[in-house]
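J.: Let's see this in three dimensions:
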Amino acid sequence: MSGSSITIILDQMWTDMNRASFMTFIQRSAAALVVIGMVSLMACGADTPAGDPGAGSSSPDTPAYGDILVEGSIGDASNLLSLLSSDSTSHEIASLVFNGLVKYDRDMQVVGDLAKSWDISGDGLEITFHLRRGITWHDGHPFTAEDVLFTYRLTIDPKTPTAYAGDFLRVDTAQVIDPFTFRVTYKEPFAPALTSWGAAVLPRHLLEGKDITTTPLSRHPIGTGPYLFKEWKTGQKIVLVSNPDYFEGRPYIDGYIMRIIPDMATMFLELRAKGIDRMGLTPLQYTRQTENNLFRKSFNKYRYLSFSYTYLGYNLENPLFKDRRVRQAISYAINKEEIVNGVLLGLGQETTGPFKPGTWPYNADVKKYPYDPQKARDLLADAGWRDSDGDGLMDRNGSPFAFEIITNQGNEVRAKCAEIIQRRLADIGISVKIRVIEWAAFINEFINKKRFDATILGWTISLDPDLYDVWHSSKTDPGELNFISFKNEEVDTLLEKGRGTFKREERKKCYDRIQEILAEEQPYTFLYVPDALPIVSSRFRGVDPAPIGIGHNFIRWYAPKGEQRYVMTR
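T.: I've put the predicted structure just below:
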C-alpha cells in the first residue's frame, strides 16, 4: 500500500486497479483522476471499539495514530510470499509486509525503497544498489545485502515454482560488496532491469536451507514492510498491525483487515452497514446505489481509468480454438460497445490490446473487430463450421460448436459480460455455458492447470511495457502466466528485442508490431479497460489522488482522533 511493487498479477476484480498502488506496477500513464466527495464505513472485525467517535479535541486536519481500516476482497490470498503467487489479494497483503529495493512514487517515477540510491554504469549493464542502514526484519534480525543476494538466488533456483524468474535469469553476476552494497551485472542490455528489483526481498535467516514450498512464512510472513502479519483465517480475514519501527515512519493507521466477501452485492451491504471501509464499486453501485445522502456524508468516491484490461482468453490447446478464423469470428460476434455501455455503464472504454490507451506503447492502428455477426458467420464457414442439420447450432464433422467460459466468483461485471457473450454467440450458432468458480479454486485448479475452454479474466500490468511473462512461448508451463499457451516465433523475437534495448523508439517498434500480431491472431478477445471506482470512508484523511492511483501513500492516511472507531490489539 505504501508504495507500488513491481510485478504482473491476475486481476480478480474488474476494479482491481482501485488498489493500484497497494500492490503492483502498472502501465505508465498520467491518468486523469476525478474525485467525488463521499465517505466510508467503519471497520468491522476490529478488536475493540474505540469509544465515542466524537470524543477528543484534536483537529480533523491533525494526523493521529490509531484506528483500523477494513477492506473488502472477493477472493482470499493463496500464498503470502509473492514470489509464489500470481493473484491480486496475495500481492496486496505481501506489499504491506515486504519491500523491494525500488518502487514507484505517486507520479510513477522510480524511487528507492530498501535501497536509498543506486548507480548505473554508462552502458546500462551494471547496477550498484546502496541499501538503507538500520532496517530490521519484523523479528528484529538486521536486513543486509545478504538478504537481497539470497532472494535473487532463490528466485532463479529451478526448484522454486515461480512465474517471476525470467527477469533475474538475465543477470550475469550478483554480488555483495559489503553489508549495505549490492551489485548486479547483466550479460546484455535489459530495459526492465532497474524496476525488476522492486520484487519483494525475503529473509535469508528464516528461509536459507528450507523448502520454499512448505515454509510457514507462506501463511505467516515476516518482512520489513509497514505492517506486520497478525492473523489469517482462511476464507474470512487477514489481519495486519502497523510496524512501529518502519524506516519511513510508523503508519498512522494501526491496523489493516482484509475481509473475504466472495459476493459483491453482499460486500456492498457490508459497506452500507459500516462493516468495511473500502472496496471497489461496480458501475451500478457507483452511478446509482451510492448517489444518496448516506454515502455522500460518509464516503469519498474516486474514478480514474485503470491500469488494467479485461479479456476473453482461449485455451489454444483446445482444438476448437486452434484456427484463428474461429477466434476472429468470435471477436466479430461480440458487441464491445454493448458491454461498455450496458455493463460498465460507460465507466470504461473498449480496448484492442494489452496496453492502456494513451500510453506510449499503445498502438491504435491495429486490426479492429467491430460488431459484425455476418462476418463472424462467414469466417466460421471458412473454417468448416456450418449448421448442417438446421438445429441453429454450427457443427463440423457431426460435432456442435459448444464450449464453456469460466470466470471468478464475486465479479458481477464479468458474469454479466459472460452472459452478453453467451447471447451474442448463440446468435451465430455457438453454444456457450458459463461456469463461475470460487477464486482460489479458479486459479489453482483451473487456470494454473489449463483446465478450461475459455476464460474471462483481467491483467494488471507493469508500468514498463515488457510483456514477456504473459506472451512468450517459454512461459506456457502449468502455473505460469501464458496459460492460454500462445506460441508465436515472431512475437518471441520481438519480446526479447523489446526488453533488450534502452531506446524507447526501438522498443516502441517492437511493441507496435506485437500488438499488430495479437490483433490478427486474437488469442484473446480484448474487451475493455475499466474505470477504477474505489470508495473510502471519509473518516480517513490524507488520501492523495495521483497518476498512479490513491494507495501510494497509505502509511500517511489517518483518522482524526475524535473520529476513530477501533483500537488494534497487538
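J.: alpha carbons only for contacts and neighbour counts from here, please
T.: Noted.
J.: Just to be sure, L495 is in a strand?
T.: No: going by DSSP: H, G, I helix; E, B strand; the rest coil, the assignment for L495 is helix, not a strand.
J.: pretty sure it is touching C510, no?
T.: Yes: taking Cα atoms under 8 Å as the definition, L495 is a contact partner of C510 at 7.2 Å.
J.: Quick check: buried residues in stretch 493-500?
T.: 494-500 (16 or more other Cα atoms under 10 Å).
J.: now the lengthiest helix in the chain: how far from the chain's centre is it?
T.: Ranked by residue count and defined by DSSP state H, the top helix of the chain is helix 504-521. The chain centroid and the centroid of helix 504-521 are separated by 23 Å under Cα atoms, centre = their mean, to the nearest Å.
J.: Ok, stretch 457-473 next?
T.: Put simply, stretch 457-473 sits 11 Å off its chain's centre (Cα atoms, centre = their mean).
J.: first vs last residue of that stretch, how far apart are they?
T.: End-to-end distance for stretch 457-473: 20 Å, by Cα to Cα, to the nearest Å.
J.: Any chance of the buried residues of stretch 493-500 in TSV with pLDDT and distance to E248 as columns?
T.: Listed next are the buried residues of stretch 493-500 as TSV, based on pLDDT from 0 to 100; distance: Cα to Cα, whole Å:
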residue	pLDDT	distance to E248
L494	98	40
L495	97	37
E496	95	37
K497	96	38
G498	96	35
R499	94	32
G500	92	34
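J.: any chance of the residues you listed in a markdown table, plus distance to N488?
T.: Putting these into a markdown table (distance: Cα to Cα, whole Å) gives the following:
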| residue | distance to N488 |
| --- | --- |
| L494 | 10 |
| L495 | 11 |
| E496 | 12 |
| K497 | 14 |
| G498 | 15 |
| R499 | 17 |
| G500 | 18 |
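J.: Quick check: of those residues, which lies closest to Q109?
T.: For the buried residues of stretch 493-500, the closest approach to Q109 (Cα to Cα) belongs to R499, at 18.9 Å.
J.: Could you tell me how far that closest one is located from D167?
T.: Distance, R499 to D167, using Cα to Cα: 10 Å.
J.: Around Y256, count how many other residues there are.
T.: 25 (other Cα atoms under 10 Å).
J.: Show me what it bridges to in the sheet.
T.: Here Y256 shows beta-bridge partners L69, L240, assigned using DSSP bridges.
J.: quick one: contacts for it?
T.: Counting by Cα atoms under 8 Å, 6 or more residues apart in numbering, Y256 makes contact with 68-71, 239-242.
J.: again, but for P262
T.: Contacts of P262 by Cα under 8 Å, 6+ apart are 73-75, 409-410, 438.
J.: that older thread, as TSV, the contacts of Y256 with neighbour count and distance to V536 would be great.
T.: Listed next are those as TSV, based on neighbours: other Cα atoms under 10 Å; distance: Cα to Cα, whole Å:
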residue	neighbour count	distance to V536
I68	31	13
L69	28	9
V70	29	10
E71	24	9
V239	22	18
L240	23	18
V241	23	19
S242	27	19
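J.: now, which of these sits nearest K433?
T.: E71 (32.5 Å).
J.: hang on, the closest one in a helix?
T.: No: counting by three-state DSSP, E71 is not part of a helix but strand.
J.: What score does it have for pLDDT?
T.: The model reports E71 with a pLDDT of 98.
J.: So it is in contact with D277, correct?
T.: Yes: when contacts are counted by Cα under 8 Å, E71 is listed as touching D277 (5.8 Å).
J.: wouldn't P354 be in contact with T310 here?
T.: No: the criterion here is Cα under 8 Å, and P354 misses it with T310 at 9.3 Å.
J.: Which neighbours do the two have in common?
T.: Common neighbours of P354 and T310 (Cα under 8 Å, 6+ apart) are F526.
J.: coming back round to it: return the mean pLDDT over the longest helix of the chain, rounded to an integer.
T.: In this model, helix 504-521 has a mean pLDDT of 97.
J.: Residues contacting it, please?
T.: 324, 327-328, 352-354, 360-363, 365-368, 465, 491, 494-495, 497-499, 501, 524.
J.: Straight-line length of stretch 265-284, end to end?
T.: Stretch 265-284 has its terminal residues 11 Å apart, counting by Cα to Cα.
J.: can you pull the buried residues of stretch 249-259?
T.: Those buried within stretch 249-259 under the rule 16+ other Cα under 10 Å are 250-259.
J.: same check, this time on stretch 201-211
T.: 201-204, 207.
J.: How about stretch 171-190?
T.: Quick answer for stretch 171-190 (16+ other Cα under 10 Å): 171, 174, 176, 180-186, 189-190.
J.: what do you get for stretch 290-301?
T.: Buried-residue list, stretch 290-301, by 16+ other Cα under 10 Å: 290, 295-296, 298-301.
J.: In a markdown table: these, plus distance to I127.
T.: Shown next, in a markdown table, are those (distance: Cα to Cα, whole Å):
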| residue | distance to I127 |
| --- | --- |
| T290 | 49 |
| F295 | 49 |
| R296 | 49 |
| S298 | 48 |
| F299 | 44 |
| N300 | 42 |
| K301 | 41 |
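J.: With respect to L83, which of those residues is nearest?
T.: After measuring the buried residues of stretch 290-301 against L83 - Cα to Cα - the closest member comes out as K301, at 32.5 Å.
J.: Strands of the stretch 451-570 of the chain, start to end?
T.: Listed in chain order, the strands of the stretch 451-570 of the chain (DSSP state E, counting those that start in this stretch) span residues 454-460, 524-532, 534-537, 566-567.
J.: Make a markdown table out of these and add mean pLDDT and mean neighbour count.
T.: Below are those laid out as a markdown table (pLDDT from 0 to 100; neighbours: other Cα atoms under 10 Å):
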| stretch | mean pLDDT | mean neighbour count |
| --- | --- | --- |
| strand 454-460 | 95 | 23 |
| strand 524-532 | 96 | 26 |
| strand 534-537 | 98 | 26 |
| strand 566-567 | 94 | 20 |
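J.: Of all the ones you listed, which one is nearest V340?
T.: That would be, of the strands of the stretch 451-570 of the chain and by Cα to Cα, strand 524-532, which comes in at 7.2 Å.
J.: what pairs with the closest one, and is each one parallel or antiparallel?
T.: Assessed with DSSP bridges, strand 524-532 is paired to strand 299-305 (antiparallel), strand 308-314 (antiparallel), strand 348-350 (antiparallel).
J.: which residues sit against the last one?
T.: Right, strand 348-350. Residues contacting strand 348-350 (Cα under 8 Å, 6+ apart): 305, 336-337, 340, 527-531.
J.: Using CSV, list the CA coordinates for stretch 427-437.
T.: The C-alpha trace of stretch 427-437 is given here as CSV (Å, rounded to 0.1, in the frame of the first residue of the first chain):
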residue,chain,number,x,y,z
ASP,A,427,-26.9,-15.6,-32.5
ILE,A,428,-24.2,-17.1,-34.7
GLY,A,429,-24.8,-20.7,-33.7
ILE,A,430,-22.3,-21.3,-31.0
SER,A,431,-23.5,-22.8,-27.7
VAL,A,432,-21.8,-21.4,-24.6
LYS,A,433,-22.1,-22.5,-21.0
ILE,A,434,-21.0,-20.2,-18.1
ARG,A,435,-19.3,-21.5,-15.0
VAL,A,436,-18.5,-19.2,-12.1
ILE,A,437,-15.8,-20.6,-9.7
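J.: Number the chain from 23, please
T.: Okay, residue one is now 23; in that scheme the one you just asked about reads as stretch 449-459.
J.: among the contacts of P284, which are in strands?
T.: Of the contacts of P284, the ones assigned to strands by DSSP state E are S95.
J.: Now for the nearest residue to T158 once chain neighbours are set aside, how many residues are close by?
T.: Sequence neighbours aside, P164 is the residue nearest to T158 in space, at 4.3 Å (criterion: Cα to Cα, 6 or more residues apart in numbering). Using other Cα under 10 Å, P164 has 15 neighbouring residues.
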